[in-house]
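Asks: Mind folding the following:
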Amino acid sequence: MSTRRRTLAAVPAVGALVVTGAALAQAQPLEAETLVLPPFYAELDLSGDGRVTPADLDLVADHLGSPADATEWGEVADTDDDGTLTVADLAAVSQRMVYDDGPFELVEASVLDMQAAMNAGVTTSVAITEEYLERIAAYDRTLLDTEAAGRPLNSVIATNDGALAAAAAADAERAEEGMTSLLLGVPVAVKDNVNTRDMPTTGGCGCWEDNLTGTDAFMVEGLREDGAVILAKASLDEFAYGFASEFSAGAEPGSTLLVASPYSTSRTAGGSSGGTGAALAANLAGIGFGTDTGGSIRVPASYNQLVGVRPTVGLVSRDGIIPLALSQDTAGPITRSVTDAALALDAVVGVDPADPATAAQAGKVPASYAASLDADALAGARIGYLPSMVGTNPTTVRLFAEARATLEEQGATVVELEAPEGLAAVLSEPSGSTNEFRHDLEDYVENHLAPQVTARTIEDILATGHYVVSRQRTYEQRASISEETYEAWAGPEGSHTLALAQGKELVTGLLEEHDLDALVYPTGTPYGTQGTNLRLSPNTGMPAVSVPMGQATAEDGTVPGAGVNLELLGRDYAEGTLLGLAFSFEEATGARTSPALYGPLG
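Replies: Coordinates of the predicted model:
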């Protein structure tokens, strides 16, 4: 049996005004009895049920003009502290509800935008799912960019034939029970190395197009339990090998496809979770998930102006996910906002006996990461940085200087650090992908690969000819790793195992020594990486959140319009702290832009 949290969280992001409880009563019920809300939505609760509902609005409406101290709840409702309950107070209380009966636009819609519109009866999960499917059909394999070397996105390998039925079930649940989860009815794209019972899991390889496992990965179980709609399987670099996002699934043997960035389709969307990055940036899904061994969530987040969360190794079960190197593999959200990332992460954490690494999270996971989303989180925070991690790229240098100024303007103390002895070794420790892939893949094959798939070893994969043939030497190299080499590398006393433990101790000690909440550094450069920055999180197992910090300009002399992200790294299981800091930064900057080629359908 798995152990999951199942609490609902909501966060400050809704700007709708609702003036009377009576109007709300005409719409769908807003919340289930088990709803658990963080302070923003609970602090103006007047009726004692822990949330703001139409009953709270009716209380204020019935006492308009009354002194605030005339009732036991009046001073809570007197939001402007003028001593009298007024229409302004009623409006302020109404804003603490997830409800918006205004026009709904899917492009750039957040999870809360969707929930607010669905709660108001303006749209449904079926309608939202249909529109995403229409956008995938219209945009994903169509060449829209007429500039030289422009390419189709190629961000989706398959859509789910059962998505509309799942959306209809979510709509029925909302009608009967209210908003039982903030992911209820929200369409999700998952990287195609994550098992889904209703779609094949190819790993991006044509050799595994028949891998219909019939089971969900642990994380997908969590998404379905929260009522999310599994919409599509996103493209990836074949077997998550690299950052190009080149894959053979769906192509003829000997041919491949490349995922393109929706901002500049002649360029890669990054990888290996490039399909998730491109799909989310182009608004082809509500939220997305990728995996990260050495940067595969954070690279596409930076290339596509998205938020990427690489969780602590052990926070999200890897069971049911095609592995690359289990010493460093983890899965996490890729989304258009920090709020969406927090809500997405809530659904996929939990202790899973099938992944022993998850046992360490017991007692360390908050009721909801959404509770950390405070616009003032940077005030009083201490954040360290190493000048050597900034690099020399003109865009990255400029944006990091601007980001540092923003952090300080929001009340953070930014501390310049000297690199401690041993940090260079931490950052130079190689990925485990070469020495671990064969061993870890064998475990997946034994426990998950569908019996009808005949390519059950790396040698079998090569024999099919249906893979990215330019990677033949890489496959052969990984197939040649002996069990003795694996144990010497990733066994309990293996050199890599010890290096990761030493890295965690060193970087945690750096945070403790300087009383820091996080380290901060650029995720990369315009369509590139920055030194060995991406290695810090996987070589320590510690969590990192990557958030947009701006775009290149013509004056930079790099790639005008290209995004670059800021990355925050913290202590094990400090995802809540990092998400709060990232949310505060995002609120102050609003750095993400939407790709012009992929606007609303005509």
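
Asks: Ala552: what's its closest spatial neighbour, skipping adjacent residues?
Replies: Distances taken as CB to CB, 6 or more residues apart in numbering place Thr395 nearest to Ala552, at 4.1 Å, with adjacent residues excluded. Every C-beta, even on glycine, is put in place using the N, C-alpha and C of the backbone.

Asks: contacting residues around the one you found?
Replies: With contact taken as CB atoms under 8 Å, 6 or more residues apart in numbering, Thr395 is in contact with Thr525, Pro526, Ala552, Thr553, Asp556, Thr558, Val559, Ala562, Val564.

Asks: Kindly indicate which of those residues lies nearest Tyr263.
Replies: Ala562 (6.9 Å; CB to CB).

Asks: returning to what we had before: going through the contacts of Thr395, which ones are buried?
Replies: Burial by neighbour count, judged by 16 or more other CB atoms under 10 Å, picks out Thr525, Pro526, Ala552, Asp556, Thr558, Val559, Ala562, Val564 from the contacts of Thr395.

Asks: From Gln472, how far off is the residue nearest to Ala552?
Replies: Remark: distance between Thr395 and Gln472 (CB to CB, to the nearest Å) = 36 Å.

Asks: And for Glu487?
Replies: Applying CB to CB to Glu487 and Gln472 gives a distance of 26 Å.

Asks: And for Asp319?
Replies: For Asp319, the distance to Gln472 - CB to CB - is 30 Å.

Asks: Between the two, which has more neighbouring residues?
Replies: Between Asp319 and Gln472, counting by other CB atoms under 10 Å, Asp319 is the more crowded of the two (24 against 12).

Asks: Tell me which residues touch the closest residue to the more buried one other than its chain neighbours, please.
Replies: Nearest residue to Asp319 in three dimensions, chain neighbours excluded: Ala354, at 3.8 Å (CB to CB, 6+ apart). Contact partners of Ala354, counting by CB under 8 Å, 6+ apart, are Phe218, Ser317, Asp319, Gly320.

Asks: just to revisit the earlier point, just the ones of the contacts of Thr395 in helices?
Replies: For the contacts of Thr395, membership in helices holds for none, with DSSP state H as the criterion.

Asks: Identify the farthest-apart pair in those residues.
Replies: Pairwise distances across the contacts of Thr395 peak at 13.8 Å for Thr525 and Thr553 (criterion: CB to CB).

Asks: shaky segments in this structure?
Replies: The chain contains residues with pLDDT under 70 at 1-39, 50.

Asks: Look at Phe437 and give its secondary structure.
Replies: Secondary structure state of Phe437, per DSSP: H, G, I helix; E, B strand; the rest coil, is helix.

Asks: Make 25 the first number, not 1, from now on.
Replies: Fine by me, first position is 25 from now on; the one you just mentioned is Phe461.

Asks: now the helices: where do they sit in the stretch 125-274 of the chain?
Replies: In the stretch 125-274 of the chain, the segments counted as helices under DSSP state H, counting those that start in this stretch are 135-143, 149-163, 187-201, 242-249.

Asks: Bridged to the residue most central in space within the chain, which residues?
Replies: The centroid of the chain falls nearest to Pro357 when counting by CA atoms, centre = their mean (1.8 Å). When assigned by DSSP bridges, Pro357 has beta-bridge partners Phe313.

Asks: Return the most buried member of the helices of the stretch 125-274 of the chain.
Replies: helix 135-143 (a mean of 25; mean count of other CB atoms under 10 Å).

Asks: which residues touch Pro454?
Replies: Applying CB under 8 Å, 6+ apart, the residues near Pro454 are His520.

Asks: On the three-state scheme, it is what?
Replies: Put simply, Pro454 is coil when judged by three-state DSSP.

Asks: Distance-wise, check it relative to Val135.
Replies: From Pro454 to Val135 the distance is 37 Å (CB to CB).

Asks: same question, Ser608
Replies: For Ser608 relative to Val135 (CB to CB), the value is 19 Å.

Asks: do Gly574 as well
Replies: Gly574 is 24 Å from Val135, by CB to CB.

Asks: Likewise for Ala275?
Replies: 33 Å.

Asks: follow-up on the earlier one: need the max-distance pair from the contacts of Ala378.
Replies: Ser341 and Gly344 (7.8 Å).

Asks: between these two, what contacts are shared?
Replies: Ala241, Phe242, Met243, Ala378.

Asks: For the first one, give its distance to Ala394.
Replies: Taking CB to CB as the measure, Ala241 and Ala394 are separated by 23 Å.

Asks: How about Arg291?
Replies: 34 Å.

Asks: Same check on Asp467?
Replies: 34 Å.

Asks: higher neighbour count, these two?
Replies: More crowded of Asp467 and Ala394, by other CB under 10 Å: Ala394, with 31 against 12.

Asks: Wasn't that one part of a helix?
Replies: Yes: counting by three-state DSSP, Ala394 is part of a helix.

Asks: these two touch, right, Val438 and Arg428?
Replies: Yes: counting by CB atoms under 8 Å, Val438 does reach Arg428; the two are 5.4 Å apart.

Asks: what is in contact with these two at once?
Replies: Residues touching both Val438 and Arg428 by CB under 8 Å, 6+ apart: Tyr409, Val544.

Asks: can you give me the strands in the stretch 425-574 of the chain?
Replies: Under the criterion DSSP state E, counting those that start in this stretch, the stretch 425-574 of the chain carries strands at the ranges 437-440, 542-546, 548-549, 552-553, 568-575.

Asks: Thanks a lot, catch you later.
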